[in-house]
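A.B. asks: Pasting the sequence and the predicted coordinates here, then a few questions.
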Amino acid sequence: MTRRLGSGLERGRAVRIALLVAAIAAIFFVDTVTNYAIAAAVFYVAVILLATRWMRPRSVVGLASACGALTVLSFTLTHSGLYEVGIINTGISLVAIAVTTYLSLKLVAAEAAIHDARERLTRIARVTSLGELTASIAHEVNQPLAAVMTSAGACRRWLATDPPNIEKAERAAERIAAEASRASEVIARVRGLASGKAPIRAAFDLGTLVQEIVGLARGQIDRNDILLRLYLPEDLPRVFGDRVQVGQVIGNLLLNAIDAVMADPARGHEIEVIASRTQGGSSVTLEVADSGIGFRGQEAERLFDAFWTTKQDGIGLGLTISRAIVEANGGRIWVEESELDGAALLFTLPVAPADGEEETGA
């Protein structure tokens, strides 16, 4: 398949080059056969604008130089009309070609810089979100580590008895291995959320992912005495998307819900995470609802705007990035009023196809 894809790209590139050459030849012909008063060479500008979308900057400069040389050559080959007018039109065409090339390359460079900045902001927001989970992560890792220490002490005591109780020592060693594996899994999940690897779409179980993210935030939920209810049907179909990115979205929505319910101590501290299959069965909806204060006035309309936030210490990128992730994975995200008298954020993901086990780059 990779070979077929590569050959398809090569054919597409060959077609574009052929069309480009044909356009340049047509402009040169028209510019040559018409008199000096017709500045057909200005149309080279359109060729350069198209070329900047798929050619490298050095190639674009070479193309612009060729167009300039053809403009001068066409002027020397034209013998009809006012010569002075031809000089002026040729000069205007050369200036237009040069300015267009310069501005086009600047625009491409600016777009590349914007893309790089967006990627850096995404990484910053991801690390920021993980920073908010630090206490919960420490809680989750400390639990298995404490169990490891307890089991290690028990193992030493069983081995120190006379005679050594090998059977109980072995069971303690098995507990050590299990708890160490649990701690490793917690760390692996956190590192996966913080990784900058290229997105990979595959079929996965959304309910399992929700439980993993809830596990990371469990310490924060318990410390704040929040009642969390999960509604994850066992017959929920697998979804198709980037598991790491979707996990970031769920984590962000869960953190926002925790902040919302803690903003007003007088209100109930309740959060519901509900997964369901949409009508028609082509996608799965995940809802994160809270009993917080909700959104006032026009807040809901600006919720996904970059750098806009209702939090005093927020950076306003979490939901912006969440929307980009959900849409990139074939879903949509929106806000509603919660039945818990707060806010509810919902997003959809497509159901995995029958052969959805195969991973594909996004």
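C.D. replies: In hand now; what should we look at?
A.B. asks: Which parts of the stretch 101-250 of the chain are strands?
C.D. replies: Residue ranges of the strands in the stretch 101-250 of the chain, as given by DSSP state E, counting those that start in this stretch, are 200-204, 227-231, 239-242.
A.B. asks: okay, these, which one's buried deepest?
C.D. replies: Sort those by mean neighbour count, taking mean count of other C-beta atoms under 10 Å, and strand 239-242 sits at the top with a mean of 24. For the C-beta atoms, the positions are set from N, CA and C on the backbone; glycine is no exception.
A.B. asks: can you give me how far that strand is from the chain middle?
C.D. replies: Averaged C-alpha coordinates place strand 239-242 at 13 Å from its chain's average position (C-alpha atoms, centre = their mean, to the nearest Å).
A.B. asks: what packs against that strand?
C.D. replies: strand 200-204, strand 343-350 (3 or more C-beta pairs under 8 Å, 6 or more residues apart in numbering; DSSP states H and E).
A.B. asks: and the angle for the shortest one with strand 343-350?
C.D. replies: For strand 200-204 and strand 343-350, the angle between their directions (axes from the mean of the first three to the mean of the last three C-alpha atoms, to 10 degrees) works out to 100 degrees.
A.B. asks: Direction included, what does strand 200-204 pair up with?
C.D. replies: Pairing partners of strand 200-204, with direction, according to DSSP bridges: strand 239-242 (antiparallel), strand 360-361 (antiparallel).
A.B. asks: The longest one now?
C.D. replies: Note on strand 343-350: by DSSP bridges, its sheet partners are strand 283-290 (antiparallel), strand 333-337 (antiparallel).
A.B. asks: For residue 109, which of those strands is the nearest?
C.D. replies: Each of the strands paired with strand 343-350 was checked against residue 109 via C-beta to C-beta, and the shortest separation belongs to strand 333-337, namely 32.0 Å.
A.B. asks: worst-scoring helix or strand of the chain, pLDDT-wise?
C.D. replies: Across the helices and strands of the chain, mean confidence by mean pLDDT, DSSP states H and E is lowest for strand 360-361: a mean of 48.
A.B. asks: which regions of this structure sit below the pLDDT cut-off?
C.D. replies: 1-10, 118-144, 182, 185-199, 295-318, 355-362 (pLDDT under 70).
A.B. asks: Tell me who's in contact with the residue positioned nearest the centre of it.
C.D. replies: Taking C-alpha atoms, centre = their mean as the criterion, residue 325 is the residue nearest the geometric centre of the chain, at 4.4 Å. Contact criterion C-beta atoms under 8 Å, 6 or more residues apart in numbering gives 242, 245-246, 248-249 as the residues in contact with residue 325.
A.B. asks: Give me the buried entries from those residues.
C.D. replies: Buried positions within the contacts of residue 325, assessed by neighbour count (16 or more other C-beta atoms under 10 Å), are 242, 245-246, 248-249.
A.B. asks: So which of the residues you listed is the closest to residue 114?
C.D. replies: Taking C-beta to C-beta as the measure, residue 245 is the one of those closest to residue 114, at 20.4 Å.
A.B. asks: Hmm, that closest one is touching residue 327, no?
C.D. replies: No - using C-beta atoms under 8 Å, residue 245 is not in contact with residue 327; the gap is 11.2 Å.
A.B. asks: Could you check how far residue 276 is from residue 285?
C.D. replies: Here residue 276 is placed at a distance of 5 Å from residue 285 (C-beta to C-beta, to the nearest Å).
A.B. asks: Of those two, which one has the most company?
C.D. replies: When residue 276 and residue 285 are compared for neighbours, residue 285 comes out ahead with 17 against 14, by other C-beta atoms under 10 Å.
A.B. asks: any idea what sits nearest residue 331, other than its immediate chain neighbours?
C.D. replies: The shortest distance from residue 331 to any non-neighbouring residue, by C-beta to C-beta, 6 or more residues apart in numbering, is to residue 348 (4.2 Å).
A.B. asks: Same question for residue 164.
C.D. replies: The spatial neighbour of residue 164 that comes closest, neighbours along the chain excluded (C-beta to C-beta, 6+ apart), is residue 158 at 6.6 Å.
A.B. asks: Report the contact partners of that neighbour.
C.D. replies: 164-166, 168-169, 172.
A.B. asks: want to throw these into JSON lines with distance to residue 84 and neighbour count?
C.D. replies: Formatted as JSON lines, the contacts of residue 158 follow (distance: C-beta to C-beta, whole Å; neighbours: other C-beta atoms under 10 Å):
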{"residue": "164", "distance to residue 84": "109", "neighbour count": "12"}
{"residue": "165", "distance to residue 84": "109", "neighbour count": "16"}
{"residue": "166", "distance to residue 84": "107", "neighbour count": "10"}
{"residue": "168", "distance to residue 84": "106", "neighbour count": "15"}
{"residue": "169", "distance to residue 84": "104", "neighbour count": "18"}
{"residue": "172", "distance to residue 84": "100", "neighbour count": "20"}
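A.B. asks: Can you tell me which of those residues is closest to residue 65?
C.D. replies: Looking at the contacts of residue 158 and their distance to residue 65, the nearest is residue 172, at 77.2 Å (C-beta to C-beta).
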